[in-house]
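1. my questions concern the predicted model and sequence given below.
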Amino acid sequence: MTDLILSPAQPIGPVEDYLFRVEFQARGSPHIHMVVWIEDAPGVQDLEDCPDVIEFIDRYITCQMPDEKADPELHKIVSEVQIHSRNHSKTCRKGNVSCRFGFPRLPMDKTIIASAPWNDDEDAGGNKKGGVKAKDTNDVQEKECGTIDSKKSKKSKKFVGKKQREAKEKLKPVRDFLMDANASFEDLSDLLEKCKMTHDEYQESVKALTSGMVVMMKREPKDCWVNGYNPDLLRAWNANMDIQFILDKFTCIMYMMSYVAKPEHEMTEFLNSVIRDAKKSNVNERDEMKQIMQAYAKHREVSAQESVARVCSLPLKKCSRTVIFVQTDEDGLKMSLPLSRLKDMGPDEEDVWMSGLPDKYENRPATGDFNDMCLADFASGCRVLYSRQTEGPNAIPLQNDKGFVPKRTQGKSAIIRFTRFSEKKQPEKFYRRLLKLYFPHRTDDELKSEYYLTYEDFYNRGRGGSVKQYVDFNRKRYEGQGK
Ligand SMILES: [Zn+2]
C-alpha cells in the first residue's frame, strides 16, 4: 500500500508523512488504519469560503458509482467492495442508531463542508466550534466526521437535540425513498420534488443534523450506499476502503487513539486476573512471572491470517518518523551495566549505569554544530549507534568512550517524547525538563548553577534572561503545536 501511495504517481498527492497499523478483526482478515499527511494540503479557515479545500477533496475522493460502459473495471470493483449493504451488518447498530456509518448517506449537488448554524453561535451552543470531541455523535453523518462539544450546557444540548429531531423528521421522506430499493431518481431535484421539499429546506435540515464541521460529499441519489474512495487506489487495492479528509486536528487525534493505537483491553484484563491469582497462591516471583508469561503466550487468539503475517515478519505497523523517548528526570528509570562489567569494577565505582541518550548528549563532540546543540536537537537529529555499527563514514565519535552518533542523513528528524510534569504541582521537575531539553549543556550542574536555588529561578533569570530566551525559542520548535 505504501509502495503505491508513496509512488511518483502520487494517487493522493505528495505524501509528507504517514502512519499505519494493520488490525486483525475478531480472528479475521487484516485491515489497515492509516493517517497520511499531504504536502501543502489546504485547511479550513472559513466555512463559507473554502473552495481550495473542496477542490482538494473532490480531486482525490469520490463516492460516485462509475459509469458501467465508460469504466467497466472500476464499476465492477465499486459494485463489489464499496457498497454498504442495504441490510446493514451487525456492526452498524450502536445504541439507538440504526446505522452508525450513516447509510444511506444523503445526496448533495456538490461537495460542501456543513456545520449547523448554532455550532458557531456561543449563546446556543456553549463553546465555539473547534471544541472537544467527547464521544461518537449519534447523528446520521458520524462516519464522515462529527465533533461534539463536551462542555455544552444542558440547555443548549436540549436545544440542539430538539433541532436535530426536527431535522430528522423533515428528512424522513427523503430517507424513506432512499431506503426503497425500487425507487429511482434522476437527480437530487427529482428526489426533492417527490418529497415536496425545496433545496433550501433540504440544505437547512442537513446542516441541522451535523455536529461540528462535516464534509458532505457530492453524491447523487443513486450513490447513497457508496462509501468514499479514491479511484486510483481502489483500482489497485481491489478491496473496501474508506477515505476521508481530516477537517480538524482533534478528530484526527481521536481516530489515531481509538484505531491506530488501539489497546488490547481484554488481554490486559485477563493478565490482571492471572496476576491476582498468582499473588493469592503465594508462589515465588520466578514462578509468578512464569505463570504470567504462559498466560500471555497461550491466551491471545490469533487468526490464521495474523499468524502467517507474524511468522513472515510482515510489517504490522509503520510510520514515516522515528519516535525517541528522552529521559529528563533525575529519578528516571536507568539500566545497570551488565553483570560481567560490574564484576570487573571496584567496590567504590559509581558509574554503574548504562549510558542513556542524555549521557551521550553531554559527551557530544566539542566541535561545530554540536557545541550549541540542545538535547532535543541531538535526540531528534542524530542516530545513536550500537555495538558493531560504530564504523562508517558518517559515524562521529562521542567523548569519553560513550559511543558513536551519525547525523540523520536519510529521512526526517525523529519525534521526541518526554515525561510531562505539571508546572503547578511539580515546578522543579517541570523547569528541569525545559532546561534539560532546550538549554545546551555539558553537565547537569550547568542547568542551575550555584547562584540560583531552583531550576525555575535559573530559567527566569539565568544569564540576564538569555536562558529563558534560548529555552523558549527551542521549545517552540518542538512544542509549538500545543502545550
Ligand atoms: Zn449500516
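-> Everything's here; your move.
2. only C-alpha atoms for contact and neighbour calcs from this point on.
-> OK.
3. for Tyr18, give me phi and psi.
-> phi -150, psi 160 (degrees, to the nearest 10).
4. cool, Phe24 as well?
-> Taking degrees, to the nearest 10 as the convention, Phe24 sits at phi -110, psi 110.
5. ok, the residue nearest the centre of the chain to the ion distance?
-> In the chain, the residue lying closest to the centroid (Cα atoms, centre = their mean) is Met256, at 3.1 Å. Met256 is 23 Å from the ion, where distance means Cα to the ion, to the nearest Å.
6. just the pLDDT at that residue, thanks.
-> What the model reports for Met256 is a pLDDT of 75.
7. quick check: it is in a helix.
-> Yes - membership of Met256 in a helix is supported by DSSP: H, G, I helix; E, B strand; the rest coil.
8. residues touching it, list them.
-> Val35 (Cα atoms under 8 Å, 6 or more residues apart in numbering).
9. list the buried ones in the helix ranked longest in the chain?
-> Longest helix in the chain, counting residues (DSSP state H): helix 154-179. Going by neighbour count (16 or more other Cα atoms under 10 Å), the buried part of helix 154-179 is 156-157, 160, 163-164, 167-168, 170-171, 173-175, 177-179.
10. is it positioned near the ion?
-> No - under the criterion of Cα under 5 Å from the ion, the ion is not reached by helix 154-179; the shortest gap measures 11.5 Å.
11. does anything pack onto that helix? Which helices or strands?
-> Counting contacts by 3 or more Cα pairs under 8 Å, 6 or more residues apart in numbering; DSSP states H and E, helix 154-179 is packed against helix 122-125, helix 188-194, helix 199-208.
12. tell me the mean pLDDT over stretch 347-361?
-> 74.
13. pLDDT below threshold where in the stretch 301-450 of the chain?
-> Scanning the stretch 301-450 of the chain with the threshold set as pLDDT under 70 gives 301, 331-336, 350-355, 384-394, 406-411.
14. rerun that using 50 as the cut-off
-> 388 (pLDDT under 50).
15. near the ion, which residues of it?
-> Residues of the stretch 301-450 of the chain lying near the ion (Cα under 5 Å from the ion): none found.
16. closest point of the stretch 301-450 of the chain to the ion, which residue?
-> Ser303 (25.3 Å; Cα to the ion).
17. what about that residue, neighbour count?
-> 16 (other Cα atoms under 10 Å).
18. what do you get for Phe378?
-> Phe378, neighbours per other Cα under 10 Å, totals 24.
19. is the residue lying closest to it once chain neighbours are set aside in a helix, a strand, or coil?
-> Closest residue in space to Phe378, ignoring its immediate chain neighbours: Tyr361 at 6.6 Å, by Cα to Cα, 6 or more residues apart in numbering. Under three-state DSSP, Tyr361 falls in the helix class.
20. was I right to think Tyr361 contacts Asp377?
-> No - taking contacts as Cα atoms under 8 Å, Tyr361 lies outside contact range of Asp377: 9.7 Å.
21. comparing these two, which residue is more hemmed in?
-> Shown here are Tyr361 and Asp377; by other Cα under 10 Å, Tyr361 has more neighbours (28 against 21).
22. contact partners for the more buried one?
-> 375, 378, 442.
23. in a strand, the second one, correct?
-> In other words, Phe378. No - in this structure, Phe378 is helix, not part of a strand, as judged by three-state DSSP.
24. could you measure from it over to Leu357?
-> Relative to Leu357, Phe378 is positioned 9 Å away (criterion: Cα to Cα, to the nearest Å).
25. returning to what we had before: roughly how far does the residue of the stretch 301-450 of the chain closest to the ion sit from Ala297?
-> 14 Å.
26. who in the stretch 51-200 of the chain is up against the ion?
-> 88, 92, 99.
27. so what does the first one have for phi and psi?
-> If I follow you right, that is His88. phi 60, psi -180.
28. now the second one
-> Dihedral angles phi and psi of Cys92 (degrees, to the nearest 10) take the values phi -70, psi -40.
29. ok, back up a step: can you put the helices and strands packed on helix 154-179 in JSON lines and add mean neighbour count and mean pLDDT?
-> Shown next, in JSON lines, are the helices and strands packed on helix 154-179 (neighbours: other Cα atoms under 10 Å; pLDDT from 0 to 100):
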{"stretch": "helix 122-125", "mean neighbour count": "16", "mean pLDDT": "41"}
{"stretch": "helix 188-194", "mean neighbour count": "16", "mean pLDDT": "89"}
{"stretch": "helix 199-208", "mean neighbour count": "17", "mean pLDDT": "89"}
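30. make CSV out of the ones you listed and add distance to Pro231.
-> Below are the helices and strands packed on helix 154-179 laid out as CSV (distance: least, Cα to Cα, whole Å):
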stretch, distance to Pro231
helix 122-125, 38
helix 188-194, 23
helix 199-208, 27
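31. nearest to Lys76, out of these?
-> helix 188-194 (24.3 Å; Cα to Cα).
32. any residues touching that closest one, and which ones?
-> Contacts for helix 188-194 (Cα under 8 Å, 6+ apart): 107-109, 174, 177, 185, 198-199, 202, 220-221.
33. if you set the cut-off to 10 Å instead, what comes out?
-> 106-109, 171, 173-174, 177-178, 183-185, 195-199, 201-202, 219-222 (Cα atoms under 10 Å, 6 or more residues apart in numbering).
34. all strands for the chain, in order.
-> 15-24, 30-38, 112-114, 214-216, 317-319, 323-325, 396-397, 404-405, 415-417 (DSSP state E).
35. between these, which one is nearest to Val78?
-> Closest among the strands of the chain, using Cα to Cα: strand 30-38, at 17.7 Å.
36. what residues sit buried inside that closest one?
-> 30, 32-36.
37. ok, now stretch 59-67?
-> 60-66.
38. that one: how far from the chain's middle?
-> 26 Å (Cα atoms, centre = their mean, to the nearest Å).
39. how's this protein carved up into domains?
-> 45-247, 265-299, 323-479 (automatic domain parsing).
40. just the ones you listed: most buried one?
-> domain 45-247 (a mean of 17; mean count of other Cα atoms under 10 Å).
41. the longest helix of the chain versus helix 199-208: what angle between them?
-> Angular relation of helix 154-179 and helix 199-208 on a 0 to 180 degree scale: 120 degrees, by axes from the mean of the first three to the mean of the last three Cα atoms, to 10 degrees.
42. run the chain-centre distance for helix 154-179.
-> 31 Å.
43. repeat that for stretch 109-118.
-> 25 Å.
44. average pLDDT across stretch 17-36?
-> 82.
45. now the end-to-end length of that stretch.
-> 6 Å.
46. repeat that for stretch 236-255.
-> 25 Å.
47. just how off-centre is it within its chain?
-> With Cα atoms, centre = their mean, you get 10 Å for stretch 236-255.
48. got the contact list for Phe103?
-> If you count contacts by Cα under 10 Å, 6+ apart, then Phe103 has 83-86, 88, 92, 140-141, 143, 175, 178-179, 224-227 around it.
49. can you tell me which one of those sits lowest on pLDDT?
-> Lowest pLDDT among these: Val140, 34.
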